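Novice: Compute the structure for the input listed below.
(one chain, ligands or ions: 1)
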Amino acid sequence: MKRGVKQAQSFASLISEPLREALKKRGIEALFPIQAKTFEDVLSGCDLVGRARTGQGKTLAFVLPILESLVNGPTKASRKTGYGRPPSVLVLLPTRELATQVYDDFKVYGGAMGLNSCCVYGGASYQPQEFALKRGVDVVVGTPGRIKDHIEKGNIDLSLLKFRVLDEADEMLRMGFVEDVELILGKVKDVSKVQTLLFSATLPSWVKQISAKFLKPDKKTIDLVGNEKMKASTNVRHIVLPCSTSAIPQVIPDIIRCYGSGGRTIIFTEKRESANELSGLLPGARALHGEIQQSQREVTLSGFRSGKFLTLVATNVAARGLDINDVQLIIQCEPPNDVEAYIHRSGRTGRAGNSGVAVMLYDPRRSNISKIQRESGVKFEHITAPKAEDIAKAAGVEAAQTITQVSDSVIPAFKSAAEDLLNTSGLSAVELLAKAIAKATGYTEIKSRSLLTSMENHVTLLLESGKPIFSPSFAFSVLRRILPEDKVESVTGMSLTTDGNGAVFDVKKEDVDTFLAAQENAAGVNIEVVKILPSLQEREQQRGRFGGRGRGGFGDRSGGNRFSGGRGGRGGGFSDRRNSSGGFKGRNNGNKW
Ligand SMILES: Nc1ncnc2c1ncn2[C@@H]1O[C@H](COP(=O)(O)OP(=O)(O)OP(=O)(O)O)[C@@H](O)[C@H]1O
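Specialist: The predicted structure follows:
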């Protein structure tokens, strides 16, 4: 669904005929706001800092005016042409995948105007890059490390440079490319002759300081996010869902079924090992991360782009800038460390005016979502794992469509089997059809899940004791008074409610009656099955108030080993999150996040 983000304004007047034709072939017939707002400043020679939310067209916001300037505008006269010419434009990006993507735009649109581009990044062989540079190019796009190497080898001459662009500038600097970037930018002798453009959807204050160093003092800033509260994409439905790590592989297929709209899904994990592991557990998924060989990364990404497979499990290497058609759903397996990562990851959907869904999984006992909520301005929608009826509804709609598409010619072949079934099964036609749809969708058994951790065949209970519950260990002590030790030991996920009056936890489905009956053993104790997950205290809140990691503390007893889904060690406190061992499959799996 398109929203009205396009601006027809000045398209024809700003953009020359061949470029307009090339844009039209890709469905672009008007400028987006960031493009319209920056175009003339770039054309008139200004340095510029540009910021707009993800998917709002920042790439063309520099590509188009640069091309117009080189071919029809102020830099035309001094631009060299012919064999062996040095580049007029240098574009720096943080990842190889992004460099390739931006190069593609320069190749197509610059090509339409008679300009040559090349792309240089690490992990690919030097020789073809050297040949291209020696032949002479107008635009060089690449990652800082490799560009620096080429400059040092004398393959790139920056003496006639007109434009330098830092795209996803904050990520490039955050990734530790500061020295390379400074060295590259420092190679330009006469900065008065070069325009520097810096773009990103996120511009933390430290980037602004750096931009003050690289850009001219009279630079323009076009910030379409500015002080607005909402920093993430407004075209995306931002959702959070409580889920323990061990339940992630089971819950994800259901989330895709209910929220994926049949399109592509990108799943983000914090660690490479988790991306490998999860992609192995999800049917038809592939992994993408920095440890995979460059040639394989390219094969994977192009397979995902072309629809050979629809689920990509990636680390932050895919968080920035990637523009892939029909990504309907983003799943983050846990809250990222910084708000920028949340904004960029969720921004891989809901692009160019389309809508999308971003689901972030979190362990209510360990994760801190309020920080991301506060800093991104996102008001998260809280949901629990898709229920049987949600899955059936989503899967059923899809299956019903495919069933109606089956040719009528098969009916005679299967009719008598269908009639036999109807006559002998004792079920109605509708009931039988429901079973057939279940079989067709693969959902022949729908397991119930707990609201607190999304674990299969577990139920979330609420405990109240008639007085405030200050700590998980207090809640355990109440349980210990009314239940045998082995039942108390089996409790997982003990978490306190925000109002301080209750604690919620998961028990096995078969133990629910024992827990409910136990409340009779003590006056004032109330235990009930949770229908809607109450608001829960977060990690910091509990640590701040009670400061402890000791026995019975947060994470302790309640599946403290984050990845095992089993009982944690006594000292396994919440702060050990990043060092916990275990994996999606269980305790014996040594993979880390
Ligand atoms: N004027 C336009 N009309 C229609 N589509 C456009 C227009 N400009 C850009 N697009 C499309 O919008 C999509 C997003 O553009 P782009 O990748 O430049 O976004 P971005 O702002 O750089 O996002 P991010 O911050 O995630 O990198 C691309 O598919 C691009 O082709």
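Novice: For residue 514, which non-adjacent residue is closest in space?
Specialist: residue 487 (6.1 Å; Cβ to Cβ, 6 or more residues apart in numbering). From N, CA and C alone the C-beta is placed, and that goes for glycine too.
Novice: so where does residue 266 fall, helix or strand?
Specialist: strand 264-268 (DSSP states H and E).
Novice: could I have that strand exported to CSV, CA atoms only?
Specialist: Extracted in CSV, the C-alpha atoms of strand 264-268 (Å, rounded to 0.1, in the frame of the first residue of the first chain):
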residue,chain,number,x,y,z
ARG,A,264,10.2,-11.8,2.5
THR,A,265,11.3,-11.8,6.2
ILE,A,266,14.6,-10.7,7.7
ILE,A,267,15.5,-12.1,11.1
PHE,A,268,18.2,-10.3,13.1
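Novice: What residues sit buried inside the very next helix or strand once past that strand?
Specialist: Counting by DSSP H and E, the next helix or strand C-terminal to strand 264-268 is helix 272-281. Buried residues in helix 272-281, counted by 16 or more other Cβ atoms under 10 Å: 272, 273, 274, 275, 276, 277, 278, 279, 281.
Novice: Quick one: list the elements packing against helix 272-281.
Specialist: helix 248-259, strand 285-288, strand 311-314 (3 or more Cβ pairs under 8 Å, 6 or more residues apart in numbering; DSSP states H and E).
Novice: Mean neighbour count, those: which tops it?
Specialist: Mean neighbour count (mean count of other Cβ atoms under 10 Å) peaks for strand 311-314 among those, with a mean of 26.
Novice: Pairing partners for it, with directions?
Specialist: When sheet partners are counted by DSSP bridges, strand 311-314 sits next to strand 264-268 (parallel), strand 285-288 (parallel).
Novice: what's next to the last one, contact-wise?
Specialist: Spelled out, it's strand 285-288. If you take Cβ atoms under 8 Å, 6 or more residues apart in numbering as the criterion, strand 285-288 is touched by 267, 272, 275-276, 278-279, 297, 300-301, 303-304, 309, 311-315, 317-318.
Novice: gap between the nearest residue to residue 254 once chain neighbours are set aside and the ligand?
Specialist: Excluding its sequence neighbours, the residue lying closest to residue 254 (Cβ to Cβ, 6+ apart) is residue 386, at 4.4 Å. Computed as Cβ to the nearest ligand atom, to the nearest Å, the residue 386 to the ligand distance reads 28 Å.
Novice: Next: residue 321.
Specialist: Residue 321 is 4 Å from the ligand, by Cβ to the nearest ligand atom.
Novice: what's residue 142 in contact with, if anything?
Specialist: Counting by Cβ under 8 Å, 6+ apart, residue 142 has contacts 91, 92, 93, 99, 119, 120, 121, 150.
Novice: okay, it: pLDDT?
Specialist: Listed pLDDT for residue 142 reads 97.
Novice: Any stretches of this protein with poor pLDDT?
Specialist: The model of the chain has pLDDT under 70 over residues 1-9, 539-593.
Novice: near the ligand at all, stretch 232-247?
Specialist: No. Counting by Cβ under 6 Å from any ligand atom, the ligand has no neighbours in stretch 232-247; the shortest distance is 8.4 Å.
Novice: Could you tell me how far that stretch lies from the centre of the chain?
Specialist: Here stretch 232-247 is found 10 Å from its chain centre; the criterion is Cα atoms, centre = their mean, to the nearest Å.
Novice: what's the answer for stretch 365-382, then?
Specialist: The answer for stretch 365-382 is 15 Å, by Cα atoms, centre = their mean.
Novice: picking up where we left off before, farthest pair within the contacts of residue 142?
Specialist: Farthest-apart pair in these is 93 and 150; separation 14.9 Å (Cβ to Cβ).
Novice: Same drill for these two, tell me which one is more crowded.
Specialist: residue 93 (30 against 18; other Cβ atoms under 10 Å).
Novice: so what's residue 89 up against?
Specialist: 66, 70, 106, 138, 139, 140, 161, 162, 163, 164, 165 are the contacts of residue 89 under Cβ under 8 Å, 6+ apart.
Novice: By neighbour count, which of those residues wins?
Specialist: So for those (other Cβ under 10 Å), the most neighbours sit at residue 140, 30 neighbours.
Novice: What separation do you get for the residue lying closest to that one once chain neighbours are set aside and residue 103?
Specialist: In space, and not counting its chain neighbours, residue 140 is closest to residue 87: 4.5 Å by Cβ to Cβ, 6+ apart. Taking Cβ to Cβ, to the nearest Å as the measure, residue 87 and residue 103 are separated by 13 Å.
Novice: The ligand contacts on the chain?
Specialist: Checking the chain against the ligand by Cβ under 6 Å from any ligand atom, the hits are 6, 28, 30-32, 35, 52, 54-60, 201, 321, 323, 347, 351-352.
Novice: Need the residues that contact the host helix or strand of residue 181.
Specialist: Element membership for residue 181, per DSSP H and E: helix 178-186. With contact meaning Cβ under 8 Å, 6+ apart, helix 178-186 is reached by 90, 92, 144-145, 147-148, 151, 164, 166, 172-173, 196, 210, 214.
Novice: helix or strand right after it?
Specialist: Downstream of helix 178-186 (by DSSP H and E), the next one is strand 195-200.
Novice: where does stretch 268-286 sit relative to the chain's centre, distance-wise?
Specialist: 14 Å.
Novice: Can you get me the start-to-end distance on that stretch?
Specialist: 12 Å (Cα to Cα, to the nearest Å).
Novice: mind listing what the residue nearest to residue 140 touches?
Specialist: 133, 137, 138, 139, 140, 156, 157, 158, 160, 161.
Novice: Contact partners for the closest residue to the ligand within the stretch 151-300 of the chain?
Specialist: Residue of the stretch 151-300 of the chain nearest the ligand, by Cβ to the nearest ligand atom: residue 201 (3.9 Å). By Cβ under 8 Å, 6+ apart, the residues touching residue 201 are 51, 52, 53, 54, 56, 58, 225, 231, 343, 344, 347.
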